[in-house]
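Engineer: Sequence plus predicted model, see below.
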Amino acid sequence: MDGLSRRKMLITGGALGAFGALSIASPAQARSLWTWAPSGSVAGTGAGLDPDWVWDEEADPVLAAVIDRGEVPRVNELLRNWTRNDQPLPAGLPRDLRDFMEEARRLPSWADRRKLEAAAQFTKKKGIYTGALYGLGSGLMSTAIPREARAVYYSKGGADMKDRIAKTARLGYDVGDLDAYQPQGGMIVTAVKTRLVHAAVRHLLPQSPGWSRTSGGQTIPISQADMMVTWHSLPTFVMRKLKDWRVPVSATESDGFLHVWQVTAHMLGILDEYIPASWDAADAQSKQVLDPILDHTPEGKELTDVLLGIVAELDAGLTRPLINAFSRYTVGDRVGDLIGLDREPFWQPLIAAAWPLLVAFREGLIPLPLVPEAAWTVEEAIRRFVLLFLSEGKRIELQIPDANRPF
């Protein structure tokens, strides 16, 4: 970018750019001015810049260069067998990419191993809920996030949604893995590879005529604001729903769950000054960046149909009306209407009455000896089956794209 980082451009001309973007956006796409204070972040301080005009200045130029040099196929092949956190990077990577990845794979200095262990225990006890909420909650909500829906639809991954969903499920699975950030785990690898993919999409997607026509004035996708919107559709949304469902969560487990997602945000390239330090800070930020921007798009509607079709295919015993009803119960009527979920007058009241009873029954059993371990074993088997189905028996590989979705 001719020696000027996007961050410096924001400082010199970002205010005018922000007002310009707001003026050309449709009412549904307009964003309120950024007011969330960096004092509420894990960094505790920061410039307070609008994250909608900040991207990933460390990853973006490196991936743009890799793509322009035609090195993506070779890099993907080299990274195929890089799967564990403690593995060295494969030999033969371009020097600029290797230098970036060596730095990107380091955990932040504030990562707390005790809290990460608490997160693992939380998943062990509450994995049945987080799994459902990631899939039929966060997954469906993403189709009501206009920028995310369009980025997914027009990027290379949009051409094969089953594969795209499998890769997204891989990230959620790895975050909840008991060894996520342990040497033998794989979450560091998943996060770094995802960061590479995001940087590649930032370089490629502006070249897509379809995305450019529907971007609402955004010139570069996946800003820091966009990443935080997606982040809130995962842990912030999940914690809200657990409270709504009256699922008991201890303070230690709650802190651990937040912390594993804080670390994950950092590893995905989100600046520390935008990562909430507490659930209260997360709720406040979510109300500003996520709640107001939910909207209907043709791309989101099509992605919803694909996603629900896959869920129905996954379990032939689940009828589409039942899926619609549970999905509405999970995401709420507002999002349900935005993404075109049918209303189910028979199933919706039945689920609303039965689900709290099922939660109470399960939580009543959890304190009994050996029940958490047994529950985890069953739920882990279900998760592995879901990944196996989505991947059609093939290994799920996060690969750097070198083109957009063909039309």
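Structural biologist: Received, thanks.
Engineer: Is there a neighbour count for the residue lying closest to residue 45 once chain neighbours are set aside? I'd like the number.
Structural biologist: Once flanking residues are discounted, residue 45 sits nearest to residue 38: 5.7 Å by CB to CB, 6 or more residues apart in numbering. (C-beta placed from N, C-alpha, C; glycine too.) For residue 38, the count of nearby residues is 19 (other CB atoms under 10 Å).
Engineer: Tell me the confidence at residue 38?
Structural biologist: At residue 38, the model reports a pLDDT of 96.
Engineer: and if you look at residue 266?
Structural biologist: On the pLDDT scale, residue 266 gets 98.
Engineer: ditto for residue 345
Structural biologist: What the model reports for residue 345 is a pLDDT of 92.
Engineer: Tell me if I am right that it is in a helix.
Structural biologist: No. Counting by DSSP: H, G, I helix; E, B strand; the rest coil, residue 345 falls outside a helix, being coil.
Engineer: picking that back up, tell me how far the residue nearest to residue 45 lies from residue 290.
Structural biologist: As defined by CB to CB, to the nearest Å, residue 38 lies at a distance of 18 Å from residue 290.
Engineer: Ok, residue 332 next?
Structural biologist: 13 Å.
Engineer: Between the two, which is the more surrounded one?
Structural biologist: Per other CB under 10 Å, whichever of residue 332 and residue 290 has more neighbours is residue 290, with 20 against 16.
Engineer: The residue lying closest to the more buried one once chain neighbours are set aside: neighbour count?
Structural biologist: Nearest in space to residue 290, with sequence neighbours left out and distances taken as CB to CB, 6+ apart, is residue 232 at 4.4 Å. By other CB under 10 Å, 25 other residues sit near residue 232.
Engineer: cool, residue 275 as well?
Structural biologist: 25.
Engineer: my read: it touches residue 40, true?
Structural biologist: No. With contacts counted by CB atoms under 8 Å, residue 275 stays clear of residue 40, the gap being 9.6 Å.
Engineer: which ones are touching residue 129?
Structural biologist: Contacts for residue 129 (CB atoms under 8 Å, 6 or more residues apart in numbering) come out as 238, 241-242, 245, 247, 359.
Engineer: remind me which residues of the stretch 201-350 of the chain are low pLDDT?
Structural biologist: Residue ranges of the stretch 201-350 of the chain with pLDDT under 70: 314-318.
Engineer: quick one, helices of it?
Structural biologist: Under the criterion DSSP state H, counting those that start in this stretch, the stretch 201-350 of the chain contains helices at 209-214, 224-231, 237-244, 251-267, 279-289, 298-314, 320-338, 347-365.
Engineer: Can you list phi and psi of residue 41 for me?
Structural biologist: Main-chain torsions, residue 41, degrees, to the nearest 10: phi -100, psi 170.
Engineer: can you count the residues close to it?
Structural biologist: 21.
Engineer: Could you point out which of the helices of the stretch 201-350 of the chain sits nearest residue 47?
Structural biologist: helix 224-231 (11.8 Å; CB to CB).
Engineer: got the angle for the closest one vs helix 279-289?
Structural biologist: Per axes from the mean of the first three to the mean of the last three CA atoms, to 10 degrees, the angle that helix 224-231 makes with helix 279-289 is 120 degrees.
Engineer: And helix 224-231, what does it pack against?
Structural biologist: helix 146-154, helix 251-267, helix 279-289 (3 or more CB pairs under 8 Å, 6 or more residues apart in numbering; DSSP states H and E).
Engineer: how does it look with 6 Å?
Structural biologist: The contact analysis (3 or more CB pairs under 6 Å, 6 or more residues apart in numbering; DSSP states H and E) places helix 224-231 against helix 279-289.
Engineer: Give me the buried positions along the helix it packs on.
Structural biologist: 279, 281-282, 284-286, 288-289 (16 or more other CB atoms under 10 Å).
Engineer: again, but for stretch 351-366
Structural biologist: Buried residues in stretch 351-366, counted by 16+ other CB under 10 Å: 351, 359.
Engineer: How far does that stretch sit from its chain's centre?
Structural biologist: Centroid displacement of stretch 351-366 relative to its chain, using CA atoms, centre = their mean, to the nearest Å, is 27 Å.
Engineer: Perfect, that will be all.
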